[in-house]
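[1] fold the following and give me the result.
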Amino acid sequence: MKERIQDIKSISDQIDRAIATGNKIKITKLIDDMMHACKNIKTQLEEKKKVSNDIKVENINMIPFIYKPILKKNYYEGTYLEEFAEMRTSELKDAKVLDIHNKFWKTHEVLRGNIFGSLPSELISKDALNKLKYFGWDEVHVDVLEVQKRGCKMQELMEYCELQYNHFLIVNEKSSGTELILHYDI
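    Below is the predicted model:
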């Protein structure tokens with residue numbers, strides 16, 4: 001779908017140029033291309049919505065977390081995530097909660113998602129919480145959703161989460177073997 005969105009952006013730029021030159025035939029063709037690209041995106045979204053029929057989740061809890069925000073839109077480009085991970089580790093060490101963080105995430109195996117630094121607030125002291133906030137971490141409410149039924153592949157569950165939630169992690173709670181979606185209300 002990202003490719004289709006890039007197509008739309010490209011077509012939009014071409015329309016701007018065609019308008020500037022007054023080429024009405026080119027403008028008409030580009031508008032048709034734009035409509036076709038939009039229809040393709042709509043079709044893809046409808047197909048992804050069908051997958052959601054094979055997924056059933058139940059909201060089982062809401063927990064306050066503290067999380068380190070991503071400050072870059074295209075965070076997979078370059079070395080941003082490596083630098084982010086180093087900074088996260090350093091800040092957790094300074095707040096004296098790295099062990100707590102690591103123990104929590106060892107019992108909750110991250111399968112997919114777009115949050116790269118977080119921890120339930122109730123596991124750490126108020127002083128540690130304030131120190132992390134000083135470093136730029138934010139408090140957030142996290143809805144804990146239990147995946148009760150999943151008749152699809154992990155990639156389709158990931159796409160479902162991308163449609164339903166802006167910020168999330170899909171985790172496996174090791175003690176129970178339960179798949180959970182942590183929805184960060186950011």
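[2] the residue nearest the centre of the chain - nearest residue in space that isn't next to it in sequence?
    Geometric centre of the chain, nearest residue: N114, 3.5 Å, by C-alpha atoms, centre = their mean. Computed as C-beta to C-beta, 6 or more residues apart in numbering, the closest residue to N114 that is not its neighbour in sequence is H167, at 6.2 Å. Every residue, glycine included, has its C-beta placed from N, CA and C.
[3] right, and that neighbour touches L182 too?
    No - applying C-beta atoms under 8 Å, one finds H167 not in contact with L182, separated by 9.0 Å.
[4] mind listing residues that contact the helix or strand hosting V171?
    Using DSSP states H and E, the element containing V171 is strand 168-173. Contacting residues not belonging to strand 168-173 are listed as 107-115, 118, 147, 154, 157-158, 161, 178-184 [C-beta atoms under 8 Å, 6 or more residues apart in numbering].
[5] partners of the following helix or strand past it, with directions?
    Remark: after strand 168-173, the chain's next helix or strand is strand 178-184, criterion DSSP H and E. Next to strand 178-184 in the sheet, as set by DSSP bridges, lie strand 138-150 (antiparallel), strand 168-173 (antiparallel).
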